[in-house]
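**Q** sequence and predicted structure, then a few things I'm wondering about:
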Amino acid sequence: MKQKITLKHIARELEVSISTVSKALKNSDEISEDTKEKIQAFAKLYNYKPNNIAVSLKNKRTKNIGVVIPDIVHHFFTTVFRGIEKYANEQGYNVIICVSDETFDKEVINMEMLNNGSIDGFIMSLSAETQQKNDITHLKQVLDQGTPLVLFDRVTDDLDCDKVILNDEEIAFEATKKLLKEGRKRIALATTESYFNVSEKRAEGYKRALNEYGIEVDNDLVLVIPYDDIQESMIDAFFDTTDVDAVLSVNEIFAIQCMGVAKKRGMKIPKDISFIGFTDGLLSRYSNPTLTVVAQHGIQMGEMAAKLLIDRVEREDEGEEEESFKTEIVKASIINRESTLN
């Protein structure tokens, strides 16, 4: 009995793309006659049959994408959403957004509500509680039901799906090196709880830069701030007991609050102390002094996530064999402002 032939097999044997094979079998005018004849003859020889079940789904598509984000207030997530919506709309898709409010239960409810035939696939970033619980059962169920899923920013290695992430470790390494090149010796890290995978990656970059400069990592210089209960008294106590000449913050909110405490204590920025924060939001641009930041390019991340999802949905519509999952990496950049020396 012959092995079942797929579009991918034909493409590999004839050294053309899957898209070319698909178009040739549909007799598309975009493909040359010679190529069409060769592909059609090969398909006939090996008795190629399209996946009619997958093809039949085409007329049942909603052209809607479900997006679940942890927080609508955070500048980064709003820019990612704008990127998703921009790309999706250009491709003729609508976007339905839900907010998990950093809770596991609301994330699950949102996904159950949308995954009832209302959408063709999900784009999402994990809530704080989901990462804390390390419970992704609801995500596995979505994938088991055949609904495509793309994770962005806050992702998990325990799930096989498409992902879009930032080069968190590398850019934190570069940001810390920038502070070290200023001559800073006591660089603090303002971070979240360790279950946030992005914060952990940024901490790794911070520690690697210190090690490269021969500076031992001092745990007393790591300020862990609860994501849901930012208390100025906690930051005050940190500055009371710790000698600091620079702060790398995993988000702009922590950085702005630390800058405020430093200013109240009479410290001159950036003469006495420098600050760098992640996220190029309004807070960073209009703070006094303005904040040097790691720009995460949220719009680009959103466009990438939307493209991954729509490409996968439409490959299923064509009855094409699924490609392996991809992880796209967005390259962050540092924007110099007044909170650093150069």
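**A** Here it is on my side, so go on. Residues are numbered from 1 along each chain as shown.

**Q** any regions of this structure where pLDDT drops low?
**A** 1-4, 50-60, 317-323 (pLDDT under 70).

**Q** domain assignment for it?
**A** Domain ranges of the chain: 7-49, 62-165+299-330, 168-296, per automatic domain parsing.

**Q** which stretches of the stretch 101-250 of the chain form helices?
**A** 104-114, 128-133, 137-144, 168-181, 197-212, 232-241 (DSSP state H, counting those that start in this stretch).

**Q** is it possible to get JSON lines of those that adds distance to Lys263 and mean neighbour count?
**A** No exception for glycine: its C-beta is placed from N, CA and C like everyone else's. As requested, the helices of the stretch 101-250 of the chain are arranged in JSON lines below (distance: least, CB to CB, whole Å; neighbours: other CB atoms under 10 Å):
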{"stretch": "helix 104-114", "distance to Lys263": "37", "mean neighbour count": "18"}
{"stretch": "helix 128-133", "distance to Lys263": "29", "mean neighbour count": "20"}
{"stretch": "helix 137-144", "distance to Lys263": "43", "mean neighbour count": "15"}
{"stretch": "helix 168-181", "distance to Lys263": "18", "mean neighbour count": "21"}
{"stretch": "helix 197-212", "distance to Lys263": "23", "mean neighbour count": "20"}
{"stretch": "helix 232-241", "distance to Lys263": "11", "mean neighbour count": "14"}
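
**Q** of all the domains of the chain, which one is nearest Leu341?
**A** Of all these, it is domain 168-296 that lies closest to Leu341, at 4.8 Å by CB to CB.

**Q** picking up where we left off before, can you put the domains of the chain in CSV and add distance to Arg337?
**A** Shown next, in CSV, are those (distance: least, CB to CB, whole Å):
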stretch, distance to Arg337
domain 7-49, 44
domain 62-165+299-330, 15
domain 168-296, 4
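
**Q** of all the helices of the stretch 101-250 of the chain, which one is nearest Glu15?
**A** Closest among the helices of the stretch 101-250 of the chain, using CB to CB: helix 137-144, at 31.9 Å.

**Q** closest one to Gln91 among the helices of the stretch 101-250 of the chain?
**A** Closest among those, using CB to CB: helix 104-114, at 18.8 Å.

**Q** which residues sit in contact with Gly205?
**A** Gly205 sits next to 168-176 when contact means CB atoms under 8 Å, 6 or more residues apart in numbering.

**Q** can you list the residues you listed in a markdown table and add distance to His75?
**A** Conversion of these to a markdown table gives the following (distance: CB to CB, whole Å):
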| residue | distance to His75 |
| --- | --- |
| Asp168 | 17 |
| Glu169 | 22 |
| Glu170 | 22 |
| Ile171 | 17 |
| Ala172 | 19 |
| Phe173 | 23 |
| Glu174 | 21 |
| Ala175 | 18 |
| Thr176 | 22 |
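
**Q** now, among those residues, which is nearest to Leu283?
**A** Ala175 (17.3 Å).

**Q** looking at it, the closest one is touching Ile276, isn't it?
**A** Yes. Here Ala175 reaches Ile276: they are 4.9 Å apart, a contact under CB atoms under 8 Å.

**Q** now do the shared contacts for those two.
**A** Common neighbours of Ala175 and Ile276 (CB under 8 Å, 6+ apart) are 248, 294, 334.

**Q** spit out the contact partners of Ser287.
**A** Counting by CB under 8 Å, 6+ apart, Ser287 has contacts 256, 259, 339.

**Q** quick one, strands of this structure?
**A** Secondary structure of the chain (DSSP state E): strands at 64-69, 94-99, 121-124, 149-152, 162-166, 187-191, 222-224, 246-249, 274-278, 292-295, 327-330, 333-335.

**Q** pretty sure Tyr46 sits against Thr6.
**A** No. The criterion here is CB under 8 Å, and Tyr46 misses it with Thr6 at 10.2 Å.

**Q** picking up where we left off before, would you list the strands of the chain in CSV and tack on mean neighbour count?
**A** Output for these, formatted as CSV (neighbours: other CB atoms under 10 Å):
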stretch, mean neighbour count
strand 64-69, 24
strand 94-99, 16
strand 121-124, 26
strand 149-152, 26
strand 162-166, 24
strand 187-191, 25
strand 222-224, 16
strand 246-249, 28
strand 274-278, 28
strand 292-295, 25
strand 327-330, 16
strand 333-335, 15
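
**Q** for Glu314, grab the count of nearby residues.
**A** 14 (other CB atoms under 10 Å).

**Q** Phe173 and Gln296: what is the separation?
**A** 15 Å (CB to CB, to the nearest Å).

**Q** about what we covered before: which of the contacts of Ser287 fall in helices?
**A** 256, 259 (DSSP state H).
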